[in-house]
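[1] after the sequence you'll find the predicted model.
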Amino acid sequence: MTVAIDRATGKRRGDRTPRPGLGRRLKNGYQRHWYAYAMIAPVVIVLGVLVLYPLAYGFYLTLTDADSLNSARTIGVNEIEATYKFVGLDNYADILWGETAYDRFWSHFLWTVVWTAACVTLHYCIGLGLALLLNQKLRGRTFYRLILVLPWAVPTFVTVFGWRFMLADSGIINSALEALHLPAPQWLEDTFWQRFAAIMVNTWCGVPFMMVSLLGGLQSIDSSLYEAAEMDGASAWQRFRHVTLPGLRAVSSTVVLLGVIWTFNQFAIIFLLFGNTAPDAQILVTWAYQLGFGQQPREFAQSAAYGILLLAVLIVFTSFYRRWLNRDEQQLAI
């Protein structure tokens with residue numbers, strides 16, 4: 001057998017060059033792409049300071065018994081050192097399986113799931129209906145789009161306070177119901193109506209985003225598909241089912257995922273609408289705030305543990321959701 005030798009290097013032709021070590025690869029990558037590293041460095045630093053460090057410190061607090069009585073604080077000219085202790089996973093065990101686990105966690109978790117599912121479903125269905133309407137050739141369509149986007153453009157606190165005034169016992173909604181001789185619910189006092197009001201206000205705030213996103217998706221669907229389906233005798237429902245919905249698949253999957261994440265962590269609407277007066281209407285994120293900042297002593301460790309559990313729930317949901325979408329896409333490709 002004849003082996004070809006490269007005269008310049010003295011190595012056999014076809015031999016693989018040894019892979020450089022990690023340090024060498026990092027050095028070569030930096031030399032070749034130093035400009036890209038320089039451009040993303042400010043973003044990495046900002047994310048590290050504003051996201052990663054608080055997240056790491058919050059996770060550390062969950063492993064302690066920190067509260068407002070044993071944390072470091074300054075009273076006048078006196079500086080009191082922290083005296084909290086490391087307790088491991090006791091906070092998580094107490095939240096998930098403790099004697100008051102249902103009242104402190106599971107009841108709020110179940111309500112958070114119902115709140116998220118109801119709000120996102122309403123956002124999508126109403127937003128899709130309005131998007132289909134605005135995608136038609138209507139006179140004054142631009143004006144209608146502007147009006148329907150206003151709830152999204154107005155600051156959240158302005159919208160919520162407006163709804164709070166309208167939902168008060170002497171507000172315009174109850175006054176109208178009484179004028180029609182209908183029962184006037186206690187929107188801000190009764191637990192059922194508190195939850196109903198929270199879903200209603202969040203739907204009002206969230207529909208415009210869903211509508212705008214789906215409208216953009218509708219306008220990206222090739223009109224020739226509708227023409228071909230109509231020529232084949234497809235009804236309006238069949239065109240919607242077999243052309244519109246598949247054409248909106250990419251947009252729908254993204255906006256639904258964003259809607260779930262935003263709604264699951266929706267703090268402003270619940271807090272501004274009820275404050276601390278509706279314990280049974282608090283979702284997990286507002287309940288965590290109540291534990292950490294709305295009572296005495298302030299339970300910093302427990303509140304931080306709620307935050308980590310919220311993050312874990314959303315990570316698990318996102319991973320399963322993306323896996324389910326990928327599996328469906330593979331089945332459609334087959």
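    Nice, thanks for sending it over. Keep in mind that what you see is a predicted model, and the values were worked out from it rather than measured.

[2] do you have the helices of the stretch 51-200 of the chain handy? List them.
    Along the stretch 51-200 of the chain, the stretches classed as helices by DSSP state H, counting those that start in this stretch are 53-62, 90-97, 101, 107-134, 141-153, 156-167, 172-179, 191-219.

[3] Throw those into TSV and include mean neighbour count, distance to T74 and mean pLDDT, thanks.
    The way it works is simple: take the backbone N, C-alpha and C, and place the C-beta from them, glycine included. As requested, the helices of the stretch 51-200 of the chain are exported to TSV (neighbours: other C-beta atoms under 10 Å; distance: least, C-beta to C-beta, whole Å; pLDDT from 0 to 100):
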stretch	mean neighbour count	distance to T74	mean pLDDT
helix 53-62	15	19	92
helix 90-97	17	26	92
helix 101	15	35	88
helix 107-134	19	33	94
helix 141-153	13	42	81
helix 156-167	16	31	91
helix 172-179	13	47	91
helix 191-219	20	38	92
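
[4] to S319, which of those helices lies closest?
    Distance to S319, taken as C-beta to C-beta, is lowest for helix 107-134 among those, at 16.8 Å.

[5] would you quantify the distance from the most centrally placed residue in the chain to L325?
    Centre of the chain computed as the mean C-alpha position; nearest residue by C-alpha atoms, centre = their mean is I261, 1.7 Å away. To L325, I261 is 15 Å away according to C-beta to C-beta, to the nearest Å.

[6] same thing with P54?
    Counting by C-beta to C-beta, the gap from P54 to L325 is 31 Å.

[7] cool, and L215?
    According to C-beta to C-beta, L215 and L325 sit 22 Å apart.

[8] nearest residue to G216 other than its sequence neighbours?
    V251 (7.0 Å; C-beta to C-beta, 6 or more residues apart in numbering).

[9] before we move on, which element is that neighbour in?
    helix 249-264 (DSSP states H and E).

[10] same check, this time on Q238
    Here Q238 sits within helix 236-239, counting by DSSP H and E.

[11] tell me the contacts of V160?
    With contact taken as C-beta atoms under 8 Å, 6 or more residues apart in numbering, V160 is in contact with V201, C205, A268, I269, L272, L273.

[12] repeat for L309
    Per C-beta under 8 Å, 6+ apart, neighbours of L309: Y92, I95, F105, L284.

[13] which of those sits closest to G129?
    L284 (30.1 Å).

[14] against V285, how distant is the spatially closest residue to the closest one that is not a sequence neighbour?
    Once flanking residues are discounted, L284 sits nearest to T112: 4.8 Å by C-beta to C-beta, 6+ apart. The gap separating T112 from V285 is 8 Å, by C-beta to C-beta.

[15] now for the two: what residues contact both?
    Jointly contacting T112 and V285 under the rule C-beta under 8 Å, 6+ apart are F264.

[16] make JSON lines out of the contacts of V160 and add distance to L26.
    As requested, the contacts of V160 are exported to JSON lines (distance: C-beta to C-beta, whole Å):
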{"residue": "V201", "distance to L26": "51"}
{"residue": "C205", "distance to L26": "47"}
{"residue": "A268", "distance to L26": "43"}
{"residue": "I269", "distance to L26": "46"}
{"residue": "L272", "distance to L26": "49"}
{"residue": "L273", "distance to L26": "51"}
